[in-house]
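okay, predicted coordinates and the sequence, questions at the end:
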Amino acid sequence: MINYEQDFYSWTQEQAALLRSGRLIDLDIDNLIEEIEALGRSEKRELQSRLMVLLVQLLKWKYQPARRGRSWLLTIKGQRMNLEDVINDNPGLKSQLFNLLTHAYPLAKIEAAKQTRLDDGLFDDTCPWSLEQVRDTAFFPD
């Protein structure tokens, strides 16, 4: 049996082969459980990351109207598409969207302040947009 901590890649291949062959008794159950849970957390983090990047762009759009341009517009559109792709691939995360939005917003505020060089106190304390607005391809804050 390949050691999980010494050669992760080979361990994954071995576990997959054991599953395919039905040799369940030989599986490294504890580490498999850990890895499956980590996969779920990874997808959740990906969704939060997409939300955060989208919120940064929406904040920039709102607070720096003179700098709006095609690049910002395309980034917002692209992030909305990426967000929907993650949701479509992981429908179980849909119920967590509001909580993820609530958690992503403070991070987005910090990043938007960094990118715009505006004081982060200028931005709303809580997300000024509903989840529906954030996901709405026609919505742009003015």
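Cool, got the structure. Numbers count the residues shown, from 1 in each chain.

from here on, just use CA atoms for contacts and neighbour counts.
Fine.

which strands and helices lie in contact with the longest helix anywhere in the chain?
Using DSSP state H, we find that the single longest helix of the chain is helix 29-63. The contact analysis (3 or more C-alpha pairs under 8 Å, 6 or more residues apart in numbering; DSSP states H and E) places helix 29-63 against helix 70-89, helix 97-116.

what's in contact with the helix or strand encompassing Ser10?
Take DSSP states H and E as the rule and Ser10 turns out to sit in helix 8-21. Residues outside helix 8-21 that contact it (C-alpha atoms under 8 Å, 6 or more residues apart in numbering): 1-4, 24, 26-28.

does Thr75 really touch Val56, like I thought?
No. Between Thr75 and Val56 there is no contact under C-alpha atoms under 8 Å: 10.2 Å.

quick one: which of the two has more around it?
Val56 (24 against 15; other C-alpha atoms under 10 Å).

how many residues are close by the residue nearest to Glu46 when sequence neighbours are not counted?
Here the nearest residue to Glu46 in space, its sequence neighbours aside, is Val86; by C-alpha to C-alpha, 6 or more residues apart in numbering that works out to 7.6 Å. Neighbour count for Val86, taken as other C-alpha under 10 Å: 19.

surely Val86 touches Leu47?
Yes. Contact status for Val86 versus Leu47: in contact at 6.2 Å, counting by C-alpha under 8 Å.

give me the common contacts of those two.
Contact criterion C-alpha under 8 Å, 6+ apart; residues shared by Val86 and Leu47: none found.

returning to what we had before: let's see the helix holding Ser10 as PDB, backbone CA atoms only.
Taking Å, rounded to 0.1, in the frame of the first residue of the first chain, the C-alpha atoms of helix 8-21 are listed here in PDB:
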ATOM      1  CA  PHE A   8      -0.100  11.700  -2.600                       C
ATOM      2  CA  TYR A   9      -0.500  11.400  -6.300                       C
ATOM      3  CA  SER A  10       0.400   7.700  -6.400                       C
ATOM      4  CA  TRP A  11      -1.900   7.200  -3.400                       C
ATOM      5  CA  THR A  12      -4.800   8.700  -5.300                       C
ATOM      6  CA  GLN A  13      -4.200   6.500  -8.200                       C
ATOM      7  CA  GLU A  14      -4.000   3.400  -6.000                       C
ATOM      8  CA  GLN A  15      -7.200   4.300  -4.200                       C
ATOM      9  CA  ALA A  16      -9.000   4.900  -7.500                       C
ATOM     10  CA  ALA A  17      -7.800   1.500  -8.800                       C
ATOM     11  CA  LEU A  18      -9.000  -0.200  -5.600                       C
ATOM     12  CA  LEU A  19     -12.400   1.400  -6.000                       C
ATOM     13  CA  ARG A  20     -12.700   0.400  -9.600                       C
ATOM     14  CA  SER A  21     -11.700  -3.200  -8.800                       C
END
